[in-house]
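**Q** coords please:
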Amino acid sequence: MKTKLATLVLGAALAAGPAMADLVFPSLSYRTGPFAAGGIPFADGYSDYFTLLNERDGGIGGEMISVPECETAYNTEKGVECYEATKGEGALIYQPLSTGITYQLIPKATADGIPVHTMGYGRTSAKNGKVFSHIFNYPVNYWDGASVGVKHFKDVSGGSLKGKKITLLHFNGAYGKEPIPTLEKLAEVEGFDFNAIPIDYPGQEQKSQWLQIRRERPDFVIFWGWGVMNQVAVQEAANIRFPMENFMGIWWSGAELDVLPAGAGANGYKALQFHNVGSDFPVFDDIKKYVVDAGKAAGAGDQIGTVLYNRGVYAAFLAAEAAKDAQAANGTSQITAAMMRDAMESLEITAAEMEAAGLPGFGPEFNVTCENHGGDGMAAVAQWDAGAKKWSLITDFTPSDASIVGPLIEADSAAFAKENNIAERCN
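**A** Okay, the predicted model is just below:
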């Protein structure tokens, strides 16, 4: 039976253990704090998909699923404590939903033999499985996002960015600084002027940043924000009448809650996405029937089809598919974290698998290998229609520039391996 816990008091023992379920997928959530508005729908989607599998399918391979939830408040120290509090429950995989927490869990989870999936966030160079044995960031990473974003700016500029100005407006922390090396390299290759403007946490005051943008008049602004700073940035852009079609957020800055407060002023704002948007997928009908209408939803059931709820569902889908593969590969339904890791390292997501799960065309097909823990690095551009109050993908899923991103990943992961005396694997 799925275990749904209320917010855990830090350091308290979990109310349910492995005796209640054989497949344990801890949720390091944040339903409190300045980033709760984004953390809640993701956690709901993640939990609801596993509840669907329990209620409709009897779990995965006949084994029921538990999703013990631990509140991190997006605080790195609390996130690590949640990991320590839950890892002994038979955890198969972790989704930290925080770059700061991810950085701290890389050595811990590797030593403990538990895989970590940092889907579209975390340490980008973890894509190199030769160095990072237990960390996975498929299907896309931040450097892919920076590359695809710049590629889109180039397309709408007639095929050249020479002489253009691109500004990165970013959260002043590990997450927000991730794309800087890629954008610096892209500026060198593509011939545009690059500037980075940080926003201190939590980002409720951005007058000075947008005055600087108005003064410097960049052609494009790419935005790495999270939480309330997203709403503030979109509103400030509207206030100075920055062309919204030239303002693009990363996938953590492209949800409904980021644009609705600005009303008509947000019309035309763009955001990168690594999965589809909207509620027109069969899986959501099943979630409504088996989870929401049955009174088993993690939340109020009102987030279905929103960007971040969809992302939580997608994360759970990818974890469930790896679990199925682990069961098949090992001839047992009662898999371990080690089996889960091996399955993640050979994961292949096809169009047929997405369709079978009620998610046809939800994301790009991709596969994972020992050398490549990040997939094919594909993202699409979505645009906000303020009148219809909906996101729509306006491009196909597009690969990043491997000639730029690949060498950066190799260099960063090699430096990490040297600092930590890690011998490369996959030979």
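
**Q** From here on, just use CA atoms for contacts and neighbour counts.
**A** Will do.

**Q** What segments of the chain are helices?
**A** Using DSSP state H, the helices assigned to the chain run over residues 36-57, 76-86, 99-112, 142-156, 174-177, 180-190, 207-216, 228-239, 256-259, 282-287, 307-330, 337-344, 351-356, 402-419.

**Q** average model confidence for stretch 146-161?
**A** Mean per-residue pLDDT for stretch 146-161: 98.

**Q** Please give the centre-to-centre distance between that stretch and its chain.
**A** In this view, stretch 146-161 has its centroid 23 Å away from the chain centroid, taken as C-alpha atoms, centre = their mean, to the nearest Å.

**Q** cool, and stretch 150-165?
**A** 26 Å.

**Q** rank the helices of the chain by mean pLDDT and give me the bottom one.
**A** Ranked by mean pLDDT, the helices of the chain bottom out at helix 174-177, with a mean of 90.

**Q** Check which residues of that helix are buried.
**A** Residues 175-177 are the ones in helix 174-177 that count as buried (16 or more other C-alpha atoms under 10 Å).

**Q** how does this structure divide into domains?
**A** Per automatic domain parsing, the domain ranges recorded for the chain read 18-141+279-376+408-419, 142-276+378-402.

**Q** Quick one: the ones you listed as CSV, columns for distance to C426 too.
**A** As requested, the domains of the chain are arranged in CSV below (distance: least, C-alpha to C-alpha, whole Å):
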stretch, distance to C426
domain 18-141+279-376+408-419, 6
domain 142-276+378-402, 20
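
**Q** Report how many residues lie close to Y201.
**A** 16 (other C-alpha atoms under 10 Å).

**Q** Revised request: answer the last question for E419.
**A** E419 has 9 neighbours, counted by other C-alpha under 10 Å.

**Q** and if you look at S98?
**A** There are 22 residues near S98, going by other C-alpha under 10 Å.

**Q** any chance of the buried residues of helix 174-177 in TSV, with distance to I349 too?
**A** Converted to TSV, the buried residues of helix 174-177 look like this (distance: C-alpha to C-alpha, whole Å):
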residue	distance to I349
Y175	27
G176	29
K177	30
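
**Q** Between these, which sits nearest E371?
**A** Y175 (23.9 Å; C-alpha to C-alpha).

**Q** Can you give me the end-to-end span of stretch 95-103?
**A** Start and end residues of stretch 95-103 are separated by 12 Å (C-alpha to C-alpha, to the nearest Å).

**Q** Mind listing what's buried along it?
**A** Those would be 95-102, for stretch 95-103 by 16+ other C-alpha under 10 Å.

**Q** Can you pull out the residues in contact with that stretch?
**A** 26-29, 74-77, 79-80, 116-119, 121-123, 174-175 (C-alpha atoms under 8 Å, 6 or more residues apart in numbering).

**Q** chain center to it, what's the gap?
**A** Distance of stretch 95-103 from its chain centroid, counting by C-alpha atoms, centre = their mean, is 10 Å.

**Q** same deal with stretch 271-284?
**A** Worked out by C-alpha atoms, centre = their mean, stretch 271-284 lies 14 Å from the chain centre.
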